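# next one to model:
(2 chains)
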Amino acid sequence: MDIEHLSRLQFAFTIAFHYIYPPLSIGLGVALVVFEGMYLRTKDKHWEQLTKFWIRVFALIFGIGVATGIVMEFEFGTNWAAYSRYVGDIFGSALAAEGVFAFALESTFLGVLLFGWNKVSPRVHFLSTIMVTLGSMFSAIWIVVANSWQQTPAGFKIVGEGVNVRAEITDFWAMVFNPSSIDRIIHVWIGAFLAGTFLVLSVHAYYILRNRFVEQSKKAFGVILVIAAISALAQLFTGHSSASGVAENQPAKLAAFEGHFDSLAVADMYLLGWVNETEQTVSGIKIPKGLTFLIHQDFTTPVTGLNAFNENDRPMLVNFIFQTYHLMISIGMLMIGLTLFSLFLWWKGRLFNKRWLMMIFSFSVVLPQIVNQVGWYSAEVGRQPWVVYNLLRTSDALSENVRAEQVLFSLILFTIVYLILFSLFIYLLNKKIQKGLDPAVPGKE
Amino acid sequence: METFLNIELGTWMFLVIGAVFSGYAILDGFDLGAGTVHLFLRKEESRRVALNAIGPVWDGNEVWLVIGGGTLFAGFPKVYATLLSAFYTPFILFLVFLIMRAIAIEFRSKEPMLWWRRLWDIIYSLSSTLIGFTLGVVLGNVVFGIAIDDQMIYKGGLMDIFNPYALLTGLTVVALFALHGSVYLVMKTSDKLAERLDYLSKIAGAFFTICYVLLSVATLVYVPHAADDFSEMPILFVIPVITLLLLLNERRLIVKQKYWLAFLTSAALTSLLLITIAIGLYPNILLSDIDSGYSLTIGNSAASPKSLGIILTFVLIGAPLVLIYFLFLFRTFKGKVVLDDMSY
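Residues are numbered from 1 along each chain as shown, chains lettered A, B, ... in the order given. Below is the predicted model of the structure:
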């Protein structure tokens, strides 16, 4: 493999692995705020047990998120030096803002959250939990702003020549509020809420099945189910809004989402399908003219197809983009169905004795994980061949002096380390879950 | 270039990044150093106490690395690009060590088996030490200069990075962190364990003194531009003298059990080392040893004035906030370590 593919593979692997953790941290943070808030309000020992249990899980997840996240910050420079020179003026300021305004907040208050239970007053501890959660949400803002700028660049001008050519910032707020930022920040946040809440639902469904910590689990399940259901439903709207933005700003990507090649035709929308890239056809179950309707609210306006672009200005892996995009939507729908149905049963008071449903829930933690992963795959592969849309090609973004062997070496190293890390993570997570909640601290009630 | 208080924005940025990396060296320096001396503590209980002494703060300390990386990327994108791609393999190893260390701290306490804990102890201690060492090697190369061509691209090989001067700088950093870390641990512990750490801090101090003297001589002999600086400004000879006086005084403070002051002293030593290097470099950031005209300087590698203004505004707003967070954090966990049910 050449250096470009190796570097892309390494970046994809390290970011995909990293992205297991921050959404879990954000979502679990929200759950912790709820649990600890309930504890402070009601003084009910069950909420305290839940809070302390989930703090321990949070510690494990957050730690890995930080360690794998630092890798990302330095990988721009190690593997993508030309990119770093080109976008540093803009991308760098978003990263710097993330460090100063978000990461500092979450990481310092994390110390109090994890180790301060017996050191500070309950109110101060609760404040720390809120700060950590807010900090991790602020992190998401800046990182998604930086990525959104790559999708829909704004607030800059191109200056210089040769090695000195770069995008310089002209309007900071136009850069921050570039056309896709807001949609994508909210979409990412809610994706994170789903990741965290489904982890909580999974674990407590498992406890209910095993007849352990049943009372605590029912309490936790109910309140978190409400957040999960609202999030799942909300994602439908943020997703639609995001896709409309893609239609407007990145038509080649949208066309790849639906495998739409013909540039002058009304476009269908597929529920399931397979793209034949050589024949430029899609076979599957479709809503005729669905895409046209979704974008233009009529059945006659054509949608720009892939063939409207030069062969080397549009994404290559159309079927991959199509599949990941549709998998995201299908599982998203599944989560809406699952949570709304369960909410209905909960309201009727019949939720927790449906063992089959609890069984489904105990595995449901993987659903938002898959959705978050494939959603990003379609977004990032759909942006190709550009690293900064219509400005800088991925192939022009590499480090000039780094050789393929070096990247192969680091890729192998990261693969080994991350495999070990992931196995240990699953092992320890499972161990914490098996151990369960601490017995309630007697006395203070 | 635009200015603020009559100083160019690029120079401000240089100072800010220098200060952030100083902050990183001082803060993560003590917890990395605690890792280096970790294996010299024998009892399980001692190791647990030592680990919990850095438990609530090590992650916060790494913030400074993240902010340093972010501000370097933003303030001097070309330096960030050339530095990280030139030291590709060392930085990848550095990142892997950072991950291994975080895992070790996190996972060590999760199983009671002796082999499990011993294994993670070794990984924790080695990776802590190698993080400092790798950073020192990079620092040594930055002082010495590297093969950068007229396109700001590194032309050297991997083995050029591991030259004797850089290796010596690596050792010096490890020794300094070990000193700093053991003093921190003395401050956070009591009785037998504190005595043991006191002894370790003495050894680390001696080791650092030897490295520092050797490094100073090597710098004067082998690094021509450093020698030039010193012959132009003989006042700079004060720096090594101050360093050695501080070292002696730190020893005195430890003996008098003024641990907090001793800790501040090794913090001062750390920033003095970096200040010396920064003075030597200014206004260059990355020296080319092919042709000094190819060096990356504040002037030719800074972000646009507008971008610098934005980042410096962030720093102006953010610095007091970050300071408050850290004061709150360190105040919460001041005093000797007490193990409880939320400890490692």
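
# ok, residue 294 - how many residues close by?
Answering for chain A, as no chain was given. Number of residues near A:Leu294 (other CB atoms under 10 Å in any protein chain shown) recorded here: 17. Every C-beta, even on glycine, is put in place using the N, C-alpha and C of the backbone.

# I was after chain B.
The burial count for B:Tyr294: 19, using other CB under 10 Å.

# which residues sit in contact with the residue of the stretch 51-200 of chain A found nearest chain B?
Of all residues in the stretch 51-200 of chain A, A:Gly88 sits closest to chain B, at 2.1 Å by CB to the nearest CB. Contacts of A:Gly88 were listed using CB atoms under 8 Å, 6 or more residues apart in numbering or on different chains, and they are A:166, B:73-74, B:76-78, B:80-81, B:303.

# and it, how far is that from B:Leu308?
Distance of A:Gly88 to B:Leu308, computed by CB to CB, to the nearest Å: 11 Å.

# and what of A:Gly29?
Counting by CB to CB, the gap from A:Gly29 to B:Leu308 is 33 Å.

# then A:Val66?
Taking CB to CB, one finds A:Val66 at 28 Å from B:Leu308.

# can you report how many residues lie near A:Ala59?
Neighbour count for A:Ala59, taken as other CB under 10 Å: 19.

# so it is in which element?
According to DSSP states H and E, A:Ala59 maps onto helix A:45-79.

# which is the succeeding secondary structure element to that helix?
helix A:81-87.

# and that next one, C-alpha only, in CSV?
Extracted in CSV, the C-alpha atoms of helix A:81-87 (Å, rounded to 0.1, in the frame of the first residue of the first chain):
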residue,chain,number,x,y,z
ALA,A,81,2.0,18.0,7.6
ALA,A,82,0.9,19.6,4.4
TYR,A,83,-2.6,19.7,5.6
SER,A,84,-1.5,21.2,8.9
ARG,A,85,0.4,24.0,7.2
TYR,A,86,-2.6,24.6,4.9
VAL,A,87,-5.3,24.8,7.6
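
# residue of chain B with the smallest distance to chain A?
The nearest approach of chain B to chain A comes at B:Pro77, 2.1 Å away (CB to the nearest CB).

# would you say A:Leu351 is within a strand?
No: the assignment for A:Leu351 (DSSP: H, G, I helix; E, B strand; the rest coil) gives coil, which keeps it out of a strand.

# next up, the contacts around residue 81.
Defaulting to chain A. Neighbours of A:Ala81 in contact, by CB under 8 Å, 6+ apart: A:398-402, B:81-82, B:84-85, B:153.

# look at chain B instead
If you count contacts by CB under 8 Å, 6+ apart, B:Ala81 has them with A:77, A:81-82, A:84-85, A:88, A:399, B:152.

# let's see if you can find the most crowded of those.
A:Gly88 (31 neighbours).

# ok, now how distant is it from B:Tyr282?
21 Å.

# nearest residue to A:Ala255 in space, please, no chain neighbours.
Excluding its sequence neighbours, the residue lying closest to A:Ala255 (CB to CB, 6 or more residues apart in numbering or on different chains) is A:Leu306, at 4.6 Å.

# next: A:Ala308.
Per CB to CB, 6+ apart, closest to A:Ala308 is A:Ser263, 3.6 Å.

# hang on, the one you found in a strand?
No: under three-state DSSP, A:Ser263 falls outside any strand and is assigned coil.

# so the residue in the stretch 201-350 of chain A that chain B sits nearest to, which state does it fall into?
Closest residue of the stretch 201-350 of chain A to chain B, CB to the nearest CB: A:Val203 (17.2 Å). Using three-state DSSP, the secondary structure recorded for A:Val203 is helix.

# that one contacts A:Gln434, correct?
No: counting by CB atoms under 8 Å, A:Val203 stays clear of A:Gln434, with 10.5 Å between them.

# for these two, indicate the residue with more neighbours.
For A:Val203 versus A:Gln434, the count of surrounding residues by other CB under 10 Å is larger for A:Val203: 24 against 10.

# what pLDDT is listed against the residue lying closest to that one once chain neighbours are set aside?
Leaving aside its sequence neighbours, A:Val203 sits nearest to A:Ile433 (CB to CB, 6+ apart; 5.6 Å). With respect to pLDDT, A:Ile433 scores 94.

# again with A:Glu445
So, for A:Glu445, pLDDT stands at 37.
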